[in-house]
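Q: Attaching a predicted model along with its sequence, questions to come.
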Amino acid sequence: MITKINALKEEINALRATTTEEVEQLRIKYLSKKGLVSSLFNDFRNVPVEQKREIGQLLNDLKNIATDKINSLKEGLAGQADAKAAEIDLTRTETPLPLGSRHPISLVKNEMIDIFSRMGFTIAEGPEIEDDWHVFSSLNFAADHPARDMQDTFFIMRNPADVLLRTHTSSVQTRVMEKTQPPIRIICPGRVYRNEAISARAHCFFHQVEGLYIDKNVSFADLKQALLYFARQMFGPETKIRLRPSYFPFTEPSAEMDISCNLCGGKGCSFCKNTGWVEILGCGMVDPNVLEACGIDSKEYTGYAFGMGIERITNLKYSVKDLRMFSENDVRFLHLFDAAH
Ligand code: PHE
């Protein structure tokens, strides 16, 4: 009996377990009613009386050793689990993080801002909800100009004062001229709204970058040089520009600028309707009436202004044919621009 007890004691002392299920199995094997320790207690009946005291003591010790061992195995495993849990940082984000990409309109807008910044232009911004004065009247629009019509412009309120969604960011130029005396050299990027049926070629909103430079002795030659620099930076050093006379209420003289079609290199394709040229912007010398309306002395100062659609520039740069793609936010389209960052 004593040998059996000692053998079992050694066996129990050497027990190992790696999972809680294993520990439970050991507990059943040694300590349950039919377990090895309990069966020794059953044998206790047959122990001669004179040995009962000694063996009883040994048996009790064995049971305590077995219980302690099982408990310490259990605790050991729990400790390990805690240590593992401590290693896991639940505040960490999932990896790899799915990255978003910048919208093509933002990419091109930033590029335009970069180019004009190098020529000393700074950014000016203004409200999208505007009044008649800043969008039309200060800019020399005639009372019966079609842009003042509900057909062309989104009016929020007609009377007593007109409140409308700006149709161009020239309104920001007015706001700057009212507050600042020349020299002024700003570009105004932003969203504009026009009451157009949505199609591949037109949308009820789009984005513009308009520019304004006012100082003493600013000439049309300065305007042309700035625009040539812009076109070559944006579309490559081979790009040619062409200015055609045009009309805007707020500039005199006015022009529209074409660049050599950068899809066919000026040879003629369906995009440029076989002319080799595509129109990208309107421009001109700021009309003296506009300077005066904004409190700038038109005898002392002259200036030029230009304005263009960011969508149009993006179309040309990335051959996007359908304007609607810019506002659908289809990730398959947006991901095409990942590499352009
Ligand atoms: N504001 C004009 C437009 O929205 C663009 C423009 C700006 C033309 C400045 C000439 C000078 O079409």
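A: Cool, the structure landed.

Q: Please make it C-alpha for all contacts and neighbour counts, starting now.
A: OK.

Q: what sits against the nearest residue to residue 38 once chain neighbours are set aside?
A: The shortest distance from residue 38 to any residue other than its chain neighbours is 6.4 Å, reached at residue 31 (C-alpha to C-alpha, 6 or more residues apart in numbering). Shown here is residue 31, whose contacts under the criterion C-alpha atoms under 8 Å, 6 or more residues apart in numbering are 37, 38, 63, 66, 67.

Q: shouldn't the fourth one be in contact with residue 12?
A: Yes: here residue 66 reaches residue 12: they are 6.3 Å apart, a contact under C-alpha atoms under 8 Å.

Q: in the stretch 1-150 of the chain, which spans are helices?
A: Ranges of helices within the stretch 1-150 of the chain are 2-13, 20-31, 36-43, 49-87, 104-118, 132-135, based on DSSP state H, counting those that start in this stretch.

Q: For the fourth one, what is the distance to the chain centroid?
A: With C-alpha atoms, centre = their mean, to the nearest Å as the basis, helix 49-87 stands 60 Å off its chain's centre.

Q: Three-state assignment for the closest residue to the ligand within the stretch 101-250 of the chain, please.
A: Among the residues of the stretch 101-250 of the chain, residue 168 lies closest to the ligand, at 4.4 Å counting by C-alpha to the nearest ligand atom. With DSSP: H, G, I helix; E, B strand; the rest coil as the basis, residue 168 sits in coil.

Q: how far away is it from residue 64?
A: 89 Å (C-alpha to C-alpha, to the nearest Å).

Q: Those two: which is more packed in?
A: Remark: of residue 168 and residue 64, residue 168 carries more neighbours, 25 against 12, as counted by other C-alpha atoms under 10 Å.

Q: residues contacting the more buried one?
A: By C-alpha under 8 Å, 6+ apart, the residues touching residue 168 are 135, 192, 193, 208.

Q: What of residue 209?
A: By C-alpha under 8 Å, 6+ apart, residue 209 lies in contact with 109, 112, 169, 187, 188, 189, 190, 307, 308, 309, 310.

Q: Residue 66 and residue 12: who's more crowded?
A: residue 66 (23 against 18).

Q: separation between that one and the ligand?
A: With distances defined as C-alpha to the nearest ligand atom, to the nearest Å, the gap from residue 66 to the ligand amounts to 89 Å.

Q: Alright, calling it a day.
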